[in-house]
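J.: One predicted model, sequence on top.
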Amino acid sequence: MRIGIVGLGYWGSKHVRVLSTLSDVDDVVVHDANASRMEVIAAAFPSVRQAPSLEALLASVDGLVIATQPSSHATIAREALARGVHVLVEKPLALASDDARQLVAMAAAARTTLMVGHTFAYNPAVRALRDLIRRGELGDVLHVDSERLNLGLYQSDCDVLWDLAPHDISIVNSITGTSPTSVRCWGRGHIDRSVTDNAYLMLDYEETGTQAVVHVSWLSPHRVRRLTVVGSQRMAVFDDLANDERLRVFDKGVTPAEVTQAHDQPMTYRYGDIHAPYIPFQEPLLLEDQHFVECIRTGNPPLTGGEAGLDVVRTLEAASVSLQTGTEVRLDEINLADAHRAHPPVLVLR
Ligand SMILES: NC(=O)c1ccc[n+]([C@@H]2O[C@H](COP(=O)([O-])OP(=O)(O)OC[C@H]3O[C@@H](n4cnc5c(N)ncnc54)[C@H](O)[C@@H]3O)[C@@H](O)[C@H]2O)c1
């Protein structure tokens, strides 16, 4: 198995490290448009082969990881799929649903693997959370609150929504087993008016009756990666920055009380134990890359395939339209691609 990696920046270099350790991978071949990145990787990973161009890379691999900036994802993925190369595209799959849909169709027609780097779907704590929700241990998922905040890194070709929110949307989609029906979004560019650096998303999942609120920011003094799930029976908190106890389950809840007298409390409260399941640490990116290699080998559909990537892109497109128009956007009622073209997210072109 020969795996290529295009884009050797912050995240691509992590893929190089991980893929170089996989016993199923015989050859890792890399390419970056920036020669200095190639030099850095050659010095750190002497066994990795270098390709002088994307074309040369595609000619010498079975699978390709695309870890370039989001505006180039669709073009590179199209080239790879057209040559029958299996593809793992970093999030977001594309910056427009037309492109994402085309990639899904190309992969299906060529019977090649198309996977998206929704890394949190491979995080053992998120998988444990999803499993306990599926076993009904939290009851109905009423509400999800997700925060992904830190200072920077401002991206060169997308705003904070397209950079950070793919993680939150993919986590909520994965734990509810569905995708949002409507989206509202507020946000603003504080440092540069044309680039949203702080945004709030409200996602309605009609199928499960869940409402999710997502706060993403490049302009916060705190680094926060926390997701709270409020179920009808129990509540859970996933804190990706906790040293241990990344997942905690609270046996707490509220139920309407029988009110017979004017001074009766309208609710009864349950305060129970807090439980932190033991979850052995495994690097999510390692699990993700292993899964990619396995999907190529077996032909099995990936956990985070092209359709999951398309769902997230459509939601982000709806959020961008909502941000521009100040209205709620229902995903089933408008032609998102057209609306998105009329209200494109303002991209920074440096
Ligand atoms: N899954 C995750 O948790 C996670 C985390 C961080 C970043 N990412 C994603 O990874 C991708 C890369 O992010 P980053 O922070 O590493 O960016 P980066 O800017 O550090 O690196 C991008 C690299 O791609 C190269 N590049 C750009 N266009 C190219 C082209 N056409 N051909 C060859 N090389 C090209 C650039 O020279 C640069 O070295 C983004 O899509 C980002 O959203 C995912």
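T.: Yep, it's here. Numbering: from 1, shown residues only.

J.: going forward, measure contacts between C-alpha atoms and count neighbours the same way
T.: Will do.

J.: What average pLDDT does the host helix or strand of residue 227 get?
T.: Using DSSP states H and E, the element containing residue 227 is strand 219-231. Average pLDDT, strand 219-231: 97.

J.: What of stretch 285-302?
T.: pLDDT averaged over stretch 285-302 gives 98.

J.: do the same with stretch 52-69
T.: pLDDT averaged over stretch 52-69 gives 98.

J.: measure the closest residue to residue 254 other than its chain neighbours to the ligand for me?
T.: Excluding the flanking residues, the one nearest residue 254 by Cα to Cα, 6 or more residues apart in numbering is residue 269, at 4.7 Å. Remark: distance between residue 269 and the ligand (Cα to the nearest ligand atom, to the nearest Å) = 38 Å.

J.: got a list of what residue 269 touches?
T.: By Cα atoms under 8 Å, 6 or more residues apart in numbering, the residues touching residue 269 are 252, 253, 254, 255.

J.: tell me the contacts of residue 137?
T.: So residue 137 contacts 233, 234 (Cα under 8 Å, 6+ apart).

J.: what about residue 210, neighbour count?
T.: Residue 210 has 20 neighbouring residues, counting by other Cα atoms under 10 Å.

J.: which SSE is the residue lying closest to it once chain neighbours are set aside in?
T.: Leaving out its chain neighbours, the residue that sits closest to residue 210 by Cα to Cα, 6+ apart is residue 142, at 4.8 Å. Secondary structure from DSSP H and E places residue 142 in strand 141-151.

J.: tell me which strands and helices that strand is in contact with?
T.: Contacts defined by 3 or more Cα pairs under 8 Å, 6 or more residues apart in numbering; DSSP states H and E place strand 141-151 against helix 160-176, strand 210-217, strand 219-231.

J.: if we look at the helix or strand following the longest one, which residues are touching it?
T.: Pointing back at helix 160-176 there. Of the helices and strands lying after helix 160-176 in sequence (DSSP H and E), the nearest is strand 182-188. Residues from elsewhere that reach strand 182-188, judged by Cα under 8 Å, 6+ apart: 195-205, 315, 318-320, 322-323, 326-331.

J.: Which ones among those residues also lie next to the ligand?
T.: Applying Cα under 6 Å from any ligand atom to the contacts of strand 182-188, one finds that nothing falls near the ligand.

J.: And the residue of the stretch 251-350 of the chain closest to the ligand?
T.: Residue of the stretch 251-350 of the chain nearest the ligand, by Cα to the nearest ligand atom: residue 285 (7.7 Å).

J.: Next up, the contacts around that residue.
T.: With Cα under 8 Å, 6+ apart, residue 285 has these contacts: 15, 18, 119, 122.

J.: For the helix or strand hosting it, list the C-alpha coordinates in PDB.
T.: Assigned by DSSP H and E, residue 285 belongs to helix 284-298. What follows is helix 284-298 as a C-alpha-only set of coordinates in PDB (Å, rounded to 0.1, in the frame of the first residue of the first chain):
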ATOM      1  CA  PRO A 284      -7.600  10.000  17.000                       C
ATOM      2  CA  LEU A 285      -5.500  10.700  13.900                       C
ATOM      3  CA  LEU A 286      -3.800   7.300  14.100                       C
ATOM      4  CA  LEU A 287      -7.300   5.600  14.300                       C
ATOM      5  CA  GLU A 288      -8.500   7.800  11.300                       C
ATOM      6  CA  ASP A 289      -5.500   7.000   9.100                       C
ATOM      7  CA  GLN A 290      -5.600   3.300  10.000                       C
ATOM      8  CA  HIS A 291      -9.300   3.300   9.000                       C
ATOM      9  CA  PHE A 292      -8.500   5.000   5.700                       C
ATOM     10  CA  VAL A 293      -5.900   2.300   4.900                       C
ATOM     11  CA  GLU A 294      -8.300  -0.500   5.900                       C
ATOM     12  CA  CYS A 295     -11.200   1.000   3.800                       C
ATOM     13  CA  ILE A 296      -8.900   1.000   0.800                       C
ATOM     14  CA  ARG A 297      -7.900  -2.600   1.500                       C
ATOM     15  CA  THR A 298     -11.400  -4.000   2.100                       C
END
